[in-house]
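1. mind folding the following:
(chains A and B)
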2 protein chains.
Amino acid sequence: MESLNIAVLGGTGSEGSGLAFRWAAAGHRVTIGSRDAERAAVAAAELSALGSGRISGAGNREAAAACDVAVLTVPYAAQRATAQDVAAQLAGKILIDVTVPLVPPKVSLVQLPPEGSAVAALQALLGEGVRVVSAFQNISAHHLKDLVYQIDCDVLVCADDADAAEVAIGLARDAGLRGFYAGPLANSVVAEALTSVLIAINRRYKVPASGIRLTGLPEG
Amino acid sequence: MESLNIAVLGGTGSEGSGLAFRWAAAGHRVTIGSRDAERAAVAAAELSALGSGRISGAGNREAAAACDVAVLTVPYAAQRATAQDVAAQLAGKILIDVTVPLVPPKVSLVQLPPEGSAVAALQALLGEGVRVVSAFQNISAHHLKDLVYQIDCDVLVCADDADAAEVAIGLARDAGLRGFYAGPLANSVVAEALTSVLIAINRRYKVPASGIRLTGLPEG
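-> Numbering: from 1, shown residues only, chains lettered A, B, ... in the order given. Just a heads-up that it's a prediction; the model follows:
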């Protein structure tokens, strides 16, 4: 797809920096956002040194203001505050929420918020001015920075905005993954809860990173 | 596994009769249960005629009283009433709940009950005297009566009782499927909601029966 200006908010974490790395390697202009612009700059320099292509660092607001598409990869406890902090900068833009509503310490137990889906609650908080999409919750960060590694997990993409869903599906492809439209934003409960199920499976079967593949679909 | 006496409650429906067919073919003694014992007997005779091995029909209570393991395959609207009706007959036994909390007409939209998981709510209703397991929600009924057909979908098995989960995993194997322990009963929200996601995927990609395979696990 066309080169996008992507802000990965909370991109100093393992999931965010891994996705940033793959998108920069695919030719997108990527900015790591963080509450702390200096930490973001350090993380961006480290990723650039790994050979991803150029990645910048900035404060979350600055990154959000400059982007075409924002990606939220903060821990669940910081999801709402981070999004609210950049809401004005995201007006009219796509926000891909990667947040998994884990409640430590029991991270292998599904504990969804009272609203059901954490991302649907986020859309309600931000209002219709931000085009919220849910995706990438089930991708283990472990191998994202190894571009040759074929990650054996598909991406469920949920959105009420079909065009915004297509952008996320394209970004999955650019990260070397298969993304599929999985229904409206409310359907994101599956992706949000599945991470706890995969953690339970990892523990039970002593594997590092279980995942899912969709079946019954035409090839390609 | 050893031959079990299985009651498939609501087994006149397509999912229940398909599972009954596969289990009978694997050597289990299967009784189709229904509110209407005569309809159950007709369905059982039809399945037997298809060459499954002998299947009996009975009223739900009679079937539940005689079984080692009960499997609940009624529509969501009938889940609680059916289970309560046979609660005394299920004391100390395993009840595998296959119920998907679909809310017609929007069956491709996840609409979980206020309690979160429908099966966790069922366990709360029945109390600890019944060993409730969640499984088989994502298996399309379409090919269950074709024993040669390799169904391309795994079974997520959730239970608070690890031994009961192993029985369900064994019954998945006997139905020609791979079952995996996916965590406590609360984790069943994934399997319960995934059916709506798969329906959304079927519609979007124009396929008859999408499914999921778990990845990252050792073979066999």
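2. quick one: mean pLDDT for the helix or strand where residue A:56 lies?
-> Using DSSP states H and E, residue A:56 sits in strand A:55-59. Averaged over strand A:55-59, pLDDT sits at 97.
3. looking at chain A, which helix is longest?
-> Of all segments of type helix in chain A, defined using DSSP state H, the longest is helix A:189-205.
4. tell me the mean pLDDT over the helix or strand following it?
-> Using DSSP H and E, the helix or strand that follows helix A:189-205 towards the C-terminus is strand A:211-215. Averaged across strand A:211-215, pLDDT comes to 98.
5. strand A:211-215 packs against which elements?
-> If contacts are counted by 3 or more CB pairs under 8 Å, 6 or more residues apart in numbering or on different chains; DSSP states H and E, strand A:211-215 sits against helix A:189-205, strand B:211-215. Heads up, the C-betas are built off the backbone N, CA and C, glycines and all.
6. can you list the residues of chain A near chain B?
-> Residues of chain A found near chain B (CB under 8 Å from any CB of the partner chain) are A:108-112, A:116-117, A:152-153, A:156, A:180-184, A:186-187, A:189-190, A:193-194, A:196-197, A:200-202, A:204-205, A:207-218.
7. got CSV for the helices and strands packed on strand A:211-215, with mean neighbour count and distance to residue B:91 too?
-> Formatted as CSV, the helices and strands packed on strand A:211-215 follow (neighbours: other CB atoms under 10 Å in any protein chain shown; distance: least, CB to CB, whole Å):
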stretch, mean neighbour count, distance to residue B:91
helix A:189-205, 25, 28
strand B:211-215, 21, 34
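8. kindly reformat those as a markdown table containing distance to residue A:51.
-> As requested, those are exported to a markdown table (distance: least, CB to CB, whole Å):
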| stretch | distance to residue A:51 |
| --- | --- |
| helix A:189-205 | 29 |
| strand B:211-215 | 27 |
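9. now do the contacts for the nearest residue to residue A:153 once chain neighbours are set aside.
-> Among residues not flanking residue A:153 along the chain, residue A:211 sits closest, at 2.9 Å (CB to CB, 6 or more residues apart in numbering or on different chains). Applying CB atoms under 8 Å, 6 or more residues apart in numbering or on different chains to residue A:211 gives the contacts A:138-140, A:151-154, A:198, B:214-216.
10. could you redo the last one with a cut-off of 10 Å?
-> Contacts were defined as CB atoms under 10 Å, 6 or more residues apart in numbering or on different chains; by that measure residue A:211 touches A:138-140, A:151-154, A:194, A:198, A:201-202, B:212-217.
11. what do you get for residue A:102?
-> The contact partners of residue A:102, taken as CB under 10 Å, 6+ apart, are A:75-77, A:108-111, A:118, A:192, A:195-196, A:199.
12. if I look at the residue positioned nearest the centre of chain A, how far off is chain B?
-> The centre of chain A sits closest to residue A:98, judged by CA atoms, centre = their mean, with a distance of 3.4 Å. Distance, residue A:98 to chain B, using CB to the nearest CB, to the nearest Å: 17 Å.
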